[in-house]
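Participant: Prediction below, plus the sequence it came from.
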Amino acid sequence: MRGVTITGVFCLWMALSTGVHIELIPPHPQINQSVLLSVDQISGSIRSFAWFKGENTRSQNQILAYNSRTTPPESPGPMYSPRISCFPNASLKISELNIEDQGNYTLQVQQEAHVRGTVQLLLYAIVTKPVIRTTTITPIVNEEVHLTCDTMNSQKILWGRSGKIFPPGVIQSSDNRTITFPSIKPEDTGLYWCEAENPVSKKTSDLYTMTVYCVCGSTTSDLNAAEISGVIIGTLLGLALLAGGIFLLLYVKRHKLPVREEPRDMEEYLQVFEQMVEQEKLPKDQWADVVAPFLTREPQKTYCDQCEQEAKDYFTLRGKTRHFLV
């Protein structure tokens, strides 16, 4: 989603051969703040001057006129606003800036001859905190995946990957808001962030965790990504219900696993589990399905990240999770 981006190439000041200099103070004015169109290097005394909105000095474009010999010296024009005021040195101040204030401003000074200068005023707004979004919640290996940096008022967007080199082959959109993984790989799993910036602000998104899933075997080759995701989720839920029922029967029929207040070593936990299922003579090819729903945090993630064939191998799962705490 994109908002109004108040950005662009700007002119800080313009110097004419006549010696008129107009400078924006601050150089990057923001909405709802003030800006001074500061004038200096005008030689001699200023008899009168006028400010215009735009690059020409037609009367309908006049903001105000100033004549030191009249009382009051200021007279408003068709483009005048109470938020605008001027100073005897011809500088102009605009308060409570809004989007309509953007544009060119022309100063015409009356001395022995008319001298003129023009400056371009562009405004900026604070960038909103970026949020990384994707339409692919469970990316499958070799699937095309898009990540979008959702922010407003940014002029520049950068992408990064926490703790690792950014994957090669990632395609960036013309404005860099979206990156595309044409054929995502397991090694693309990681934490990603994006940073939005303009001349007055910079903000970084929260880390986005991308986990790439694999599906083993050839039976899913004709399925699309949504169908594969449904198979994975449905399989995991079914295994969780089946395992929960089996483990509950074991729990009631035999003994509870010991409960300790401090974190338990994963290897110790699995040893107790193995003793229980061996007592019940549960086939070893079912051990992984039984224990998986009772794993937490990193062990559970390790189980889910495995292919279907690996996930059914209890001893492979044991080797990958034995160093964790439960």
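Facilitator: Thanks, I have the structure now. Residues are numbered from 1 along each chain as shown.
Participant: Domain ranges for this structure, per the record?
Facilitator: The record's domain split for the chain, according to automatic domain parsing, is 13-121, 131-210, 225-321.
Participant: could those go into TSV alongside mean pLDDT?
Facilitator: Below are those laid out as TSV (pLDDT from 0 to 100):
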stretch	mean pLDDT
domain 13-121	88
domain 131-210	94
domain 225-321	62
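Participant: Include mean neighbour count when you put these into CSV, please.
Facilitator: In short, each C-beta sits where N, CA and C put it, glycine included. Shown next, in CSV, are the domains of the chain (neighbours: other C-beta atoms under 10 Å):
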stretch, mean neighbour count
domain 13-121, 16
domain 131-210, 16
domain 225-321, 15
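Participant: Would you agree Thr209 is in contact with Asp188?
Facilitator: No: using C-beta atoms under 8 Å, Thr209 makes no contact with Asp188, being 12.0 Å away.
Participant: Which residue ranges of the stretch 151-300 of the chain form helices?
Facilitator: Remark: helices assigned in the stretch 151-300 of the chain by DSSP state H, counting those that start in this stretch are 225-253, 266-279, 287-291, 297-305.
Participant: who are the neighbours of the third one, in terms of helices and strands?
Facilitator: I take that to be helix 287-291. Counting contacts by 3 or more C-beta pairs under 8 Å, 6 or more residues apart in numbering; DSSP states H and E, helix 287-291 packs against helix 225-253, helix 266-279, helix 314-321.
Participant: List the residues that contact the residue lying closest to Phe87 once chain neighbours are set aside.
Facilitator: Setting aside the residues directly before and after it, Phe87 is nearest to Lys93 in space (C-beta to C-beta, 6 or more residues apart in numbering), at 7.4 Å. Residues near Lys93 by C-beta atoms under 8 Å, 6 or more residues apart in numbering: Ser34, Val35, Leu36, Leu37, Ile84, Ser85, Cys86, Phe87.
Participant: that's a strand at Lys93, yeah?
Facilitator: Yes: checked against DSSP: H, G, I helix; E, B strand; the rest coil, Lys93 lies within a strand.
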